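Asks: model the following, please.
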Amino acid sequence: NQWILGISGFMFMAVNVGFATWCNVYAQNRLALTPAQGGLVITCYSLAGIVGSCLSGSICKALRMSHKNFLFLSLGAMAVFTLVFSMQATHTGLIIAGAFYGFVSYLPSTHYTTLCMQMADDSYAATAVSSQNLIFQTASMIQPAVIGGMLDATGNYTMIWYAFAVCVVIAILFCLLFPSGTKQAKR
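Replies: Residues are numbered from 1 along each chain as shown. Purely as a prediction, here's the structure:
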């Protein structure tokens with residue numbers, strides 16, 4: 001079950017970290033924006049992400065959702081906003097879509113960690129979380145090579161966002177395999 005959660009988190013992190021890696025490249029090469037304009041989109045994404053991360057637990061609690069169900073909701077929103085972002089053709093559109101995208105993209109992280117800790121025995125919670133984080137962060141090393149290879153092969157910068165949407169769908173599918181409830185998860 002930790003591996004199932006880890007693979008889902010890996011796919012999530014590929015998108016989350018990938019935005020900062022590829023947004024400016026996309027903005028410059030696909031939309032002919034300046035590096036400063038692309039950087040502003042990334043900044044808005046990141047600032048909204050900080051807000052989303054801070055509010056994630058409160059939103060989950062207000063909606064009275066389990067951590068797993070909140071992952072479905074937030075990952076689904078990520079998939080939608082990945083595509084919404086890809087459809088923007090103006091700097092203003094990228095900023096607005098990027099802010100919403102950033103907000104929803106930072107919602108899942110806390111819930112991955114919480115599920116990981118709930119599933120682990122108390123004496124191994126820190127080891128479980130650090131192992132999960134190792135799996136998650138590996139995405140930030142692999143994803144640039146994969147996306148870069150796709151760009152080299154196709155020259156189509158819109159493929160970045162389609163690849164990210166597929167990553168989120170895979171994250172959702174692995175969440176479906178993850179058992180509901182802490183007691184079931186520990187079995």
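Asks: do a quick rundown of the helices in the protein.
Replies: Under the criterion DSSP state H, helices of the chain are mapped to 2-31, 35-62, 67-86, 91-105, 109-119, 125-154, 159-177, 182-186.
Asks: name the helix or strand of the protein that has the lowest mean pLDDT.
Replies: Least confident element among the helices and strands of the chain, by mean pLDDT, DSSP states H and E: helix 182-186 (a mean of 46).
Asks: gap between the residue lying closest to residue 114 once chain neighbours are set aside and residue 174?
Replies: Excluding the flanking residues, the one nearest residue 114 by CB to CB, 6 or more residues apart in numbering is residue 67, at 5.1 Å. Every C-beta, even on glycine, is put in place using the N, C-alpha and C of the backbone. For residue 67, the distance to residue 174 equals 15 Å [CB to CB, to the nearest Å].
Asks: so who does residue 170 touch?
Replies: Going by CB atoms under 8 Å, 6 or more residues apart in numbering, residue 170 touches 7, 8, 11.
Asks: state the distance from the closest residue to the second one other than its chain neighbours to residue 130.
Replies: Sequence neighbours aside, residue 174 is the residue nearest to residue 8 in space, at 3.6 Å (criterion: CB to CB, 6+ apart). Distance, residue 174 to residue 130, using CB to CB: 20 Å.
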